[in-house]
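*Asks:* Following is a predicted model, sequence given first.
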Amino acid sequence: MKTPEARAALLFLSPAIVLLSVFFFAPVIAGFALSVTDFDLYSIGDIHNLRFIALRNYGDLLGNPIFWTAFANTLYFALVGGPLTVAVSLVAALLVNAKLTRWKALFRTIYFAPVVTTLVAVSIVFKYLYHPRFGIINLALGAMHLPQPDWLGDPHWAMPAIILLGVWKGFGYTMIIFIAGLQNVPEELYEAARLDGAGMWRQFRHVTLPMLGPTFLFVGVVVAIGQLQIFAEPYVMTKGGPLNKTLTIVMMMYEQGFKFWRMGYAAAVAFVLFLIIGAATLVQMRLREKQ
Amino acid sequence: MSRRSESLLLHSVLIAGGFLTLFPLLWMLSASFMSNGESTTFPPHLVPHAATIAQYRQLFLRLNIGRAFLSSAIVAGTVTISSVLFGSMAGYAFAKLRFGGRDRMFGLLLTAIIVPPQVGMLPLFLLMKTLHLVNTYWGVIIPSMVTVFGIFLIRQFMLSVPQELLEAARIDGASEWRIYWSVVMPLARPILATLATFMFMSTWNDFMWPLIILSNQSHHTLPVALANLSGEHVLDVELMMAGSVVTILPVLIVFLVLQRYYIAGLMVGSVKG
C-alpha cells in the first residue's frame, strides 16, 4: 500500500533516477564489462566480433611500459602538484584571513578568479607564457640572468610547467575551504595560547593546524581526485610529449578509446584510474582515523 | 615589528600575489588587442601600442566563433535549467517526503560521487551512438541533466525547511506538486541560484566529453573549438588570446555577479567530508 506522499515521491524522483541510471550507473557498470572484452573498431562495425577475454586487457596494460609512464606522470602531477596547491592555498588563506588585512573580499575574489576560468583557454595562454624565446616567463628570467628552460619542450621541465599551471588554476578553490575552516577556529584558543606566551608560529603550529585537521582531509581528497584526472592541460599544451613525459592516464584512455577505438583496452585503463582514485580516498580516510 | 609595518608587509605580499595571479589573464586581454606579431616583439609590449579589434573581427567574421559561442550557450543554458529542476525535485523528495527505502537509496546515489566520470565515458559514447545522439547538442546535454552533487546540495538545504509548513499546506488541500512548486521552491531560491551558477560554469568550461561526442565542427562548444583552433593557428598568438578572452569572459562575468552563491555552494560541498 502506498501513501499519497510515497506516490508523489516516486514522481519527483523519476526524472533523476531514470537519467542517472541510464546515463551514469549503467555506463559505469558497462565500463567494467567492456574492460573484459576485446571491443575494437571491428566490434563497432559488427558486434559479433566481440569476444570475452577475461583479464587480458589488464595483463596487457600492466606489461605495457607506456602505461607505466602515464601512471608515473599522473602520480608525479598529483603528488607534487597536490601538496603544492594545498601549501599555496593555506598561505593565501592565512594572509587573506589575517586580522590586519583590509579589502578581504577583493583579495579573495582575485585569488579565486583562476578557478572559474576555462581550463582549455588558460592552457593556451600558459603555452604562450612558457614560450622559450618570446614567453614572458623566460623574458623575466632572462632579465634576472637566470636560466631559461624550454619549458614545454624539455622532458625535465614539461611536467613542472603543467604543475605550475595547475597550482595557479586550483589554489583559490582550496583557499576558500581553508578560509571557512579558519573562521571556525574559536578565538578563545588563540587568546589562551597568547596568555601562555605562544608567538605567531606556535599559535599556528598548536592551534591553527590541529583545528584545520578535518579540512585538510577534505581538501586532500578533493585535490587528489581532481589531479588524477588531468587531461586538458597535456592535450592542449604538449599532446603528451616531449618523449611521453606529460602523457597521463586519462589521456592514454582517450587516445586508446577514441583515437584507436580500442575500447575494451581503454575501459581497462579507466578502471585502473578508478582503483587509484579509490585508493587515494581510502588512504586519506585512514590517515584521518589515525589522527 | 610595529603594527604599521606589519600591515604594510602583509598588504605588499597580498598585492604582489594578486598581481601574479591576475597577470596571465591581464596579458591575455592585452595581447588580444594587439595586431599580428606584436606580442612576440622584443623588447616585449605589455600593452598594445595601437589597440585593434582585428583579432576579434577575424574570430567572428572569418572563423565563425560566434557559432561555438551559441553552442556553448545552448548547452550550458539547457543543462543549468534541467539540473536545477530535476535536482530540486529529487532533493526535495529525499529531504521531505516519507517513503520506504529512502535513506538507502540516497546512500547508494552518493556512492556516485567517488566514481570518476571517465569510467562511464566509453559505454556512454556507444550508448549515444546507438541513440543517434553523437554530434548533437543532446549528446552533450543529457549526461549532465541531473547530477548527484546537485541532488545532494538541494537535499541538505531542504532538510531545514520546517515540516509544519508542508503539513499546513496539505491540510489546506494543496497537491504535492503545488507544495513543491509554490511553497518550497520560493524558499529555496538561494540554493537554486547556487546550483545554477555551479552548473552553468562547469558546463561552459567542460572539455573532455564535448570533445568526444562532438566530432563535427558545426556543433563544437567554445573549449573544443578553441582547442582545435590552437592546433591550426599555433603562430597566431594574438588571435588565440582573443579566442581565450571570448571563452573565459562569460564565466568570469557570471562568477563576479553571482560569486556570493557560488562560494556558498563550495562551502556546502565541503562539509560533506
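*Replies:* Looks like it came in fine.
*Asks:* okay, B:Lys272: pLDDT?
*Replies:* pLDDT, B:Lys272: 39.
*Asks:* Next: A:Gln183.
*Replies:* What the model reports as pLDDT for A:Gln183 is 88.
*Asks:* what's the nearest residue to it if we skip its chain neighbours?
*Replies:* Nearest residue to A:Gln183 in three dimensions, chain neighbours excluded: A:Asn97, at 7.1 Å (CB to CB, 6 or more residues apart in numbering or on different chains). Glycine gets a C-beta too; all of them are placed from N, C-alpha and C.
*Asks:* ok, now which ones touch that neighbour?
*Replies:* Residues near A:Asn97 by CB atoms under 8 Å, 6 or more residues apart in numbering or on different chains: A:104, A:179, A:182-183.
*Asks:* now A:Gly257
*Replies:* By CB under 8 Å, 6+ apart, the contact list for A:Gly257 reads A:263, A:265-267, A:269-270, B:121-122, B:125.
*Asks:* Okay, and A:Leu10 sits in which element?
*Replies:* helix A:4-20 (DSSP states H and E).
*Asks:* buried residues in the helix or strand that that helix is followed by?
*Replies:* Next helix or strand after helix A:4-20 toward the C-terminus (DSSP H and E): helix A:26-35. Within helix A:26-35, the residues scored as buried using 16 or more other CB atoms under 10 Å in any protein chain shown are A:27-28, A:30-32, A:34-35.
*Asks:* buried subset of the contacts of A:Gly257?
*Replies:* Buried subset of these (neighbour count, 16+ other CB under 10 Å): A:263, A:265-267, A:269-270, B:121-122, B:125.
*Asks:* show me the contacts for A:Pro15.
*Replies:* A:Pro15 neighbours (CB under 8 Å, 6+ apart): B:86, B:89-90, B:145-146.
*Asks:* and of the buried ones among the contacts of A:Gly257, the nearest to A:Val122?
*Replies:* Taking CB to CB as the measure, B:Met121 is the one of those closest to A:Val122, at 23.2 Å.
*Asks:* hang on, the closest one is in a strand, isn't it?
*Replies:* No. Per DSSP: H, G, I helix; E, B strand; the rest coil, B:Met121 lies outside any strand segment and is helix.
*Asks:* Which other helices and strands does the host helix or strand of A:Phe216 contact?
*Replies:* A:Phe216 belongs to helix A:213-228 when assigned by DSSP H and E. Under the contact definition 3 or more CB pairs under 8 Å, 6 or more residues apart in numbering or on different chains; DSSP states H and E, helix A:213-228 sits against helix A:65-97, helix A:158-183, helix A:263-290, helix B:237-271.
*Asks:* so where's the chain uncertain?
*Replies:* Looking at chain A here, since you left the chain open. Low-confidence segments of chain A, defined by pLDDT under 70: A:1, A:288, A:290-291.
*Asks:* let's do chain B instead
*Replies:* Low-confidence segments of chain B (pLDDT under 70): B:1, B:268-273.
*Asks:* Would you map the helices across it?
*Replies:* Counting by DSSP state H, chain B has helices at residues B:3-32, B:54-57, B:65-96, B:102-110, B:118-130, B:137-141, B:148-158, B:163-171, B:176-178, B:185-187, B:189-205, B:208-213, B:222-232, B:237-271.
*Asks:* need these in CSV with distance to chain A, can you?
*Replies:* Putting the helices of chain B into CSV (distance: least, CB to the nearest CB, whole Å) gives the following:
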stretch, distance to chain A
helix B:3-32, 4
helix B:54-57, 13
helix B:65-96, 4
helix B:102-110, 7
helix B:118-130, 3
helix B:137-141, 10
helix B:148-158, 6
helix B:163-171, 9
helix B:176-178, 4
helix B:185-187, 12
helix B:189-205, 5
helix B:208-213, 6
helix B:222-232, 4
helix B:237-271, 4
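*Asks:* Including distance to A:Ala54, could those helices go into CSV?
*Replies:* Shown next, in CSV, are the helices of chain B (distance: least, CB to CB, whole Å):
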stretch, distance to A:Ala54
helix B:3-32, 48
helix B:54-57, 55
helix B:65-96, 38
helix B:102-110, 28
helix B:118-130, 18
helix B:137-141, 32
helix B:148-158, 32
helix B:163-171, 53
helix B:176-178, 50
helix B:185-187, 51
helix B:189-205, 37
helix B:208-213, 27
helix B:222-232, 36
helix B:237-271, 39
